[in-house]
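S.K.: Sequence and predicted structure below; questions after.
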Amino acid sequence: MRPTLPARQAHAFLAENDKLRQLAAQVQALLALQRIWETVVPASLAGVSHIGKSDAGEVTIYCGNGAAAAKLRQLLPTLAEALRGKGVATANLQVKVRAQAIAVQMHALHKREISRAGLDNIAQLRDRLEAGELKSALDHLLARHRPD
């Protein structure tokens, strides 16, 4: 697949300047390392961590929160071995927390629907109960799920 005209122009621009060429090479190396990272880290931690720096065998991993960083620190020996198995020379792995370093992924909350028959059964149960916390909770549930 041939690059588009703007992409070729950007590539030519980067190739003209030594510092930009070095920077582009570093970015490509980090992107390749990030792709490898995503294959070795548990899926639950892949979304909240990323490779941030790689210098002479020292790799820094940035996390969006302290809990993920603590879990990654527990897994460092295993992760370092997995990275070495993928050809990444890692003498030292560091984990650092950078709040807001990774965009927070918002998950749409899906309101579960309760069938008409289910709502009727809940209403019958509520009607048989004496006043109390359970009856109040069922009233609240019915109010939230009854069609207006």
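M.R.: Noted; the coordinates are in hand. Numbering: from 1, shown residues only.
S.K.: For the protein, which helix extends over the most residues?
M.R.: Ranked by number of residues, the top helix in the chain under DSSP state H is helix 18-40.
S.K.: Would you mark the buried spots in that one?
M.R.: Buried residues in helix 18-40, defined by neighbour count with 16 or more other Cβ atoms under 10 Å: 30, 33, 36-37, 40. Using the backbone N, CA and C atoms, a C-beta is placed for each residue, glycine as well.
S.K.: quick one: low-confidence ranges for the protein?
M.R.: 1-11, 13-14, 54, 57, 91, 100-111, 148 (pLDDT under 70).
S.K.: Break it into its domains for me.
M.R.: Domain segmentation of the chain under automatic domain parsing yields 5-97, 116-145.
S.K.: Identify, out of these, the most deeply packed stretch.
M.R.: Between the domains of the chain, domain 5-97 has the highest mean count of neighbours, a mean of 14, where neighbours are mean count of other Cβ atoms under 10 Å.
S.K.: circling back: and the longest helix of the chain, what does it pack against?
M.R.: Contacts defined by 3 or more Cβ pairs under 8 Å, 6 or more residues apart in numbering; DSSP states H and E place helix 18-40 against helix 5-16, strand 49-55, helix 66-85.
S.K.: how close does the residue nearest in space to the middle of the chain sit to His145?
M.R.: The centre of the chain sits closest to Gly47, judged by Cα atoms, centre = their mean, with a distance of 1.6 Å. Counting by Cβ to Cβ, to the nearest Å, the gap from Gly47 to His145 is 31 Å.
S.K.: Need phi/psi at Ser115.
M.R.: Backbone torsions of Ser115, given as degrees, to the nearest 10, read phi -60, psi 160.
S.K.: now Ala89
M.R.: According to degrees, to the nearest 10, Ala89 has phi -80, psi 110.
S.K.: how far away is it from Val95?
M.R.: Distance from Ala89 to Val95, counting by Cβ to Cβ: 18 Å.
S.K.: Thr78 now?
M.R.: Distance from Thr78 to Val95, by Cβ to Cβ: 13 Å.
S.K.: ok, now His140?
M.R.: With the distance defined as Cβ to Cβ, His140 ends up 43 Å from Val95.
S.K.: again with Ser44
M.R.: To Val95, Ser44 is 15 Å away according to Cβ to Cβ.
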